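Enquirer: predicted model and sequence follow; I will ask about them next.
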Amino acid sequence: MKIKALNALMLVLSIVLVAYPDVAKAEETIIIRHDGSISPENAPILRSGSFYIFLANIQSSIIIERGNIIIDGNGFIITGRREFQSKGIILDGVFNVTIKNFGIEGFYYGIWLHNAHFNKIMNNTLRMNTGRAILLSCSNNNAITKNKIIENKGRGIMLENSNTNVLENNVVVDNGCDPIILSHSSGNWINGNLIAKNNGRGIWLGCSHSNIITENNITENNYSGVQLYYSNSNLIFGNTIFKNNVYGIQLSNSSLNTIYNNNFINNTLSCRVDMSINYWDNGLLAGGNYWSHLNNLRDVYSGLMQNENGSDGIVDEPYKINENNVDRYPLVGMHSSFKMISANCSISIVSTVKIKSLTMNVDGAIILNVLRVNFEQQSIFRVIIPHKLLSPPYVVEVNNESIEYVTIFENESLSILYFCCFSPSEILLLPEILHHFLEIFLIISTLTVIIIFTSKIEESTKDIIYVLDLSFLKAFGHRSLSNCNVNVLSFIGISVKSFRSNIVLHVGDSSKIIDASSYL
C-alpha cells in the first residue's frame, strides 16, 4: 500500500510540474502545524500522510511544528532577505523530522534547531547565509549528513549545548568564518567531512568534552586545522590536516585528549600546545602521527623501546612537542584506513606513497593501487591486517612479483606486516593457502587444456597452425606469461617435438608463433 501511495504521489507531482513549469514564489511564512496541515493552504507543497514534497522555490521561512515527518525540498530553493536573525527552516521542540534536498540561501540561520532531537538534516545545499548555516541549540541525537555548506558569509555548522549528534560526510568549503564549532557540547561524532578553504579554524571545540573527530580532510583553512580550548578527553584520530595557514593543531588548557594516526602535512606550524597534557599516540601497535616537518626520519630499530634491530614503520626517536606532550611513536609515512564492510573491520596502512584505492577481489585477496611518484625511491609499508579479514600466513606480491616481508607483530586477532619495494603500482595481499590453491588450480586447469588439445592432434606433415589459448591464465594473476615462448610449453608439460606443425600461443592480448618443425 505504501508503494502504491508513493507511486500515486509521484504521478501527481509529475502532472503538477508539467502543468506549472514556471517557478512559483511564496512570500508568506509556511507552517506545517501540529496536526499536519499546511498554512497557507496554497503553499507549493504536496502532502501524502507524513511525507511532504515541495513543488517550487519559495521566498519565506518554514516553521515545522509536527514531528515524525519527512520534508523533501525536491531540489527547490528557499530564499531569504539577508535580515539579521532571520531563519530559513525552524525546528523548535520537535522530534524525528527529516529535512532533505533543499537549497537554502540568504538567511542569518539557514537551518535552526532548538530543543529538537532525533532529527535528520541531509543532502541540502546552504549558500550565502550570513550567520550560521546550521545551528543546533540544546538539541541532541541529531544527524547532519551529506550537506554542502559553501560560500556562506558566516559560520558553517555550530553546536551549542548539544550532545551526541553526528556530523558526517558534509562538504564545508569557502565559508567566511569557522566551518565547524562545538561550544559546551559533548559526545558528538565529527566524521568524514571535507573542511577546506574556510576563513577560520577548521574544527573548533570550546568547553566541549568526549567528542570524536575522525577521518576528516581539513585543508587550507586560514587559521588552525583543529583547535581545542578548555576541552578535555576528546579523540582525534585518522584525520588529514593539510596546509592550514597557522597551526595544524592547537590546544589551550585542554588535557587528556588522545591524538593519533593523523597526517599533519605542510601546515605553516604543525602544532602549538599551552597548559595542556595529552596523549599523542595509541601505543606501539597503532603508533602516533605523521609529521611532515620532521627531517631525517630514521627507522632502523623496532620494539616497545625502539631498540631492537629491524625497521617497523615507526620513527626511532620520539617527537617531543614539549615536556608534557610527546608522540612516542611517530609514523614514517602517511596513515590510511580502509573500511571493509563485508568483514566489519578496517585495514590500517602506513606508507611513504599515497594509496589511491583498496579493494578485495572475489578470491579474497586485497589489492592496493598505489600512486607512483619517484621510481628510484624505495617505498615503505606497514600494514595492520585483522584476521577476521585475512588469516596468516600471507603472500605479498608487488607488480605481480612475490616479495619478502617481516611480521613485526601477531596475535590471535591481527598481524602487522612490514615490507619495502621500488616503484609499486599494484600490491596484492593474500593468504598463503589461497596462493597455493591458485597455483594448484592453474596446473590442473592447464593440464586439462593440454589433454583436450593433444587428443585432437592427428599425425600429419601438413603445415597446420594450432592455436593454444592460455588467456585464462591472466585471470589468476599470471600476467608474466604474456611473453610466451617455447619454454612455457615445457613449463606446462608439452613437448614441442610431439607436434609436426606450427603452434600459436595466445595469452590475453599477446600471441607468439612457434615453428614446431625446428624442434624435431
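Expert: All right, it came through fine.
Enquirer: where does the stretch 1-150 of the chain have low pLDDT?
Expert: 1-26 (pLDDT under 70).
Enquirer: the helices in it, which residues?
Expert: Assigned by DSSP state H, counting those that start in this stretch, the helices in the stretch 1-150 of the chain fall at 2-19.
Enquirer: likewise for the stretch 301-450 of the chain?
Expert: Under DSSP H, counting those that start in this stretch, the stretch 301-450 of the chain gives helices at 432-455.
Enquirer: distance of the nearest residue to Pro392 once chain neighbours are set aside relative to Ala286?
Expert: Once flanking residues are discounted, Pro392 sits nearest to Ser415: 5.1 Å by CB to CB, 6 or more residues apart in numbering. For the C-beta atoms, the positions are set from N, CA and C on the backbone; glycine is no exception. As for Ser415, its distance to Ala286 is 14 Å (criterion: CB to CB, to the nearest Å).
Enquirer: how about Asn309?
Expert: From Asn309 across to Ala286, the span is 22 Å (CB to CB).
Enquirer: between these two, which one's more packed in?
Expert: More neighbours surround Ala286 than the other of Asn309 and Ala286, with 17 against 8 (other CB atoms under 10 Å).
Enquirer: thought that one was touching Asn262?
Expert: No. Taking contacts as CB atoms under 8 Å, Ala286 lies outside contact range of Asn262: 11.7 Å.
Enquirer: now for the protein, the helix or strand with the poorest mean pLDDT.
Expert: helix 486-491 (a mean of 42; mean pLDDT, DSSP states H and E).
Enquirer: outline the domain layout of the chain.
Expert: Per automatic domain parsing, the structural domains of the chain span 1-148+156-167, 192-332, 335-433, 457-519.
Enquirer: what's the model's confidence in the second one, averaged?
Expert: Averaging the model's pLDDT scores along domain 192-332 yields 96.
Enquirer: mind listing what's buried in stretch 64-79?
Expert: 64-67, 69-74, 76-79 (16 or more other CB atoms under 10 Å).
Enquirer: export it to PDB, keeping only CA atoms.
Expert: Extracted C-alpha coordinates of stretch 64-79, given in PDB (Å, rounded to 0.1, in the frame of the first residue of the first chain):
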ATOM      1  CA  ILE A  64       8.000  22.800  11.500                       C
ATOM      2  CA  GLU A  65       5.600  22.100  14.400                       C
ATOM      3  CA  ARG A  66       4.900  18.400  13.700                       C
ATOM      4  CA  GLY A  67       7.300  15.600  14.400                       C
ATOM      5  CA  ASN A  68       7.700  12.200  12.700                       C
ATOM      6  CA  ILE A  69       7.600  13.600   9.200                       C
ATOM      7  CA  ILE A  70       9.800  13.700   6.100                       C
ATOM      8  CA  ILE A  71      10.100  17.000   4.200                       C
ATOM      9  CA  ASP A  72      11.700  16.800   0.800                       C
ATOM     10  CA  GLY A  73      12.700  20.100  -0.900                       C
ATOM     11  CA  ASN A  74      12.900  18.200  -4.200                       C
ATOM     12  CA  GLY A  75      15.900  20.400  -5.200                       C
ATOM     13  CA  PHE A  76      14.000  23.700  -4.800                       C
ATOM     14  CA  ILE A  77      15.500  26.800  -3.100                       C
ATOM     15  CA  ILE A  78      14.300  28.700   0.000                       C
ATOM     16  CA  THR A  79      15.500  32.300  -0.300                       C
END
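Enquirer: contacts for that stretch?
Expert: 13, 31-36, 50-62, 88-91, 94-107, 124 (CB atoms under 8 Å, 6 or more residues apart in numbering).
Enquirer: selecting buried members of the residues you listed in ChimeraX, what would you type?
Expert: Burial among these is assessed by 16+ other CB under 10 Å; the matching ChimeraX selection reads:
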select :13,31,32,51,52,53,54,55,56,57,58,60,61,62,88,89,90,91,94,97,98,99,100,101,102,103,104,105,106,107,124
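Enquirer: can you give me the strands in the stretch 251-400 of the chain?
Expert: Along the stretch 251-400 of the chain, the stretches classed as strands by DSSP state E, counting those that start in this stretch are 258-260, 263-265, 269-274, 290-291, 301-302, 308-309, 319-322, 325-327, 334-340, 345-351, 355-360, 366-370, 378-386, 394-398.
Enquirer: ok so, going back, return the member of the buried residues of stretch 64-79 nearest to Lys153.
Expert: Distance to Lys153, by CB to CB, is smallest for Thr79 among the buried residues of stretch 64-79, at 14.9 Å.
Enquirer: great, nothing more from me.
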